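In: please find the sequence and the predicted model below.
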Amino acid sequence: MIEIDQITKTYGDTTVVDRVSMSIDPHSITVIVGTSGSGKTTLLRMINRLVEPTSGTISIDGQDTRSVPAYELRRRIGYAIQGHGLFPHRTVGQNIGTVPKLLGWEKARTEKRVDELLDLFQLDPGQFRDRMPSELSGGQQQRVGVARALAAEPNILLMDEPFGALDPIIRAKAQQDLLDIQKRFGTTVVLVTHDMEEAILLGDKIAVMDKGQLLQYATPEEIIAHPATAFVDELIGTGERPFRLLSLAAIREAVEPGEALGDAISAEASLRDAYAELLWSGRAALPVEENGQVIGRVTLAELNRRAARPQ
Ligand SMILES: Nc1ncnc2c1ncn2[C@@H]1O[C@H](COP(=O)(O)OP(=O)(O)OP(=O)(O)O)[C@@H](O)[C@H]1O
């Protein structure tokens, strides 16, 4: 559990983070979203003390972070940033092994971990371990950046616009990777983005910041249904609300018994995907398949119901 209590950062007369309090549950993904300059990065960096708070406290599992040397905190907490921040003159393997080396892991253990992470991110170790960062594509560099942040098996991973520089297809893949990895290791992830779509896709909880203040901290469903202020509403995009609700759930959750005509859709796709397919194909229902078997259908009527404002 990360407990942020009345945390404030001022530079001269300017308050960039203003008495923010929030509790972050372990094993969850929390997304901090807001416009440029709202204080997201500053808030994130106060968690690992890359930025020292002016006042307020942050504790991790009950321990005040000020009681731990900053360098030790930063070895314990993974940190990945936009543009990956890899060391240009070190190989991929050396980059990923940075923190294990600082922690004094034995060479064999570090090498094993490096190869394991490369495998996990679908980069063949034999092919990629000894390359320099400049010999990788942007998407590959970004994966190495996240692998490096995960190298010492941190319980907490901080990510600052990690997917900002990626094209839409690689970005969708990287987001899915993150969801899979988070599920597999149970890492507590705190991620900064200015993209509400990404926040809704990834976040168990979303923290909306504006001008240094935390306007709302709630589940995506709650934020879409009951935005705390006009600014939060604007950030969600009024015209997008029904589609955002539909994109939160998989088709599996709305399957009902019965038949439908035409090509089936995967139960893993989102309700938003089902809605698009229903409109595009002019059907009132789609067959739904899972593991190659039709398991029922999803109907336009049910999606209309689910896209309406929650009561
Ligand atoms: N070291 C610093 N000295 C003075 N002002 C700073 C410093 N670091 C950040 N700021 C100011 O604090 C405010 C918040 O910055 P921060 O980087 O936290 O915002 P952000 O929400 O992450 O923005 P972006 O999405 O553009 O990265 C900005 O107005 C910025 O200019």
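Out: Great, that's in hand.
In: how close does the spatially most central residue of the chain sit to L261?
Out: Nearest to the geometric centre of the chain sits L202, at 4.7 Å (C-alpha atoms, centre = their mean). Here the criterion is C-beta to C-beta, to the nearest Å. By it, L202 lies 35 Å from L261. Where you see a C-beta, it was placed from the backbone N, CA and C, and this is true even at glycine.
In: spatially, and excluding backbone neighbours, which residue is closest to L86.
Out: Distance criterion C-beta to C-beta, 6 or more residues apart in numbering; nearest residue to L86, sequence neighbours excluded, is P133 at 4.2 Å.
In: hang on, I meant A70
Out: Residue nearest to A70 in three dimensions, not counting chain neighbours: R49, with 4.4 Å by C-beta to C-beta, 6+ apart.
In: residues near the one you found, how many?
Out: As a burial measure, R49 scores 19 neighbours (other C-beta atoms under 10 Å).
In: who's in contact with it?
Out: Contacts for R49 were tallied using C-beta atoms under 8 Å, 6 or more residues apart in numbering; they are 65, 70, 73-74.
In: I'd like to know which of those residues are buried.
Out: By neighbour count, with 16 or more other C-beta atoms under 10 Å, the contacts of R49 hold 65, 73-74 as buried.
In: adding distance to the ligand, pLDDT and secondary structure, write those out as JSON lines.
Out: Listed next are the buried ones among the contacts of R49 as JSON lines, based on distance: C-beta to the nearest ligand atom, whole Å; pLDDT from 0 to 100; DSSP: H, G, I helix; E, B strand; the rest coil:
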{"residue": "T65", "distance to the ligand": "18", "pLDDT": "94", "secondary structure": "helix"}
{"residue": "L73", "distance to the ligand": "19", "pLDDT": "89", "secondary structure": "helix"}
{"residue": "R74", "distance to the ligand": "18", "pLDDT": "86", "secondary structure": "helix"}
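In: can you report phi and psi for the residue lying closest to I81 once chain neighbours are set aside?
Out: Once flanking residues are discounted, I81 sits nearest to D160: 4.6 Å by C-beta to C-beta, 6+ apart. Main-chain torsions, D160, degrees, to the nearest 10: phi -110, psi 100.
In: ok, and the closest non-adjacent residue to A284?
Out: Leaving aside its chain neighbours, A284 sits nearest to L300 (5.1 Å; criterion: C-beta to C-beta, 6+ apart).
In: wait, what's in contact with the one you found?
Out: Going by C-beta under 8 Å, 6+ apart, L300 touches 275, 278, 283-285.
In: hey, which helix or strand in the chain has the poorest pLDDT?
Out: helix 168-185 (a mean of 84; mean pLDDT, DSSP states H and E).
In: M46 against T54, yeah?
Out: No - using C-beta atoms under 8 Å, M46 makes no contact with T54, being 9.4 Å away.
In: follow-up on the earlier one: which strands and helices sit next to the least confident helix or strand of the chain?
Out: Here helix 168-185 touches strand 29-34, helix 138-150, strand 188-193, helix 196-202, going by 3 or more C-beta pairs under 8 Å, 6 or more residues apart in numbering; DSSP states H and E.
In: so what pLDDT did the residue nearest to I81 get?
Out: On the pLDDT scale, D160 is placed at 93.
In: gap between it and the ligand?
Out: Using C-beta to the nearest ligand atom, to the nearest Å, we find D160 at a distance of 8 Å from the ligand.
In: spell out which residues of the stretch 1-150 of the chain are next to the ligand.
Out: Contacts of the stretch 1-150 of the chain with the ligand, taken as C-beta under 6 Å from any ligand atom, map to 11, 16, 34, 36-42.
In: dump those to JSON lines, plus pLDDT and neighbour count.
Out: As requested, those are arranged in JSON lines below (pLDDT from 0 to 100; neighbours: other C-beta atoms under 10 Å):
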{"residue": "Y11", "pLDDT": "96", "neighbour count": "10"}
{"residue": "V16", "pLDDT": "97", "neighbour count": "18"}
{"residue": "G34", "pLDDT": "92", "neighbour count": "26"}
{"residue": "S36", "pLDDT": "89", "neighbour count": "6"}
{"residue": "G37", "pLDDT": "92", "neighbour count": "13"}
{"residue": "S38", "pLDDT": "94", "neighbour count": "23"}
{"residue": "G39", "pLDDT": "96", "neighbour count": "22"}
{"residue": "K40", "pLDDT": "96", "neighbour count": "25"}
{"residue": "T41", "pLDDT": "95", "neighbour count": "19"}
{"residue": "T42", "pLDDT": "97", "neighbour count": "21"}
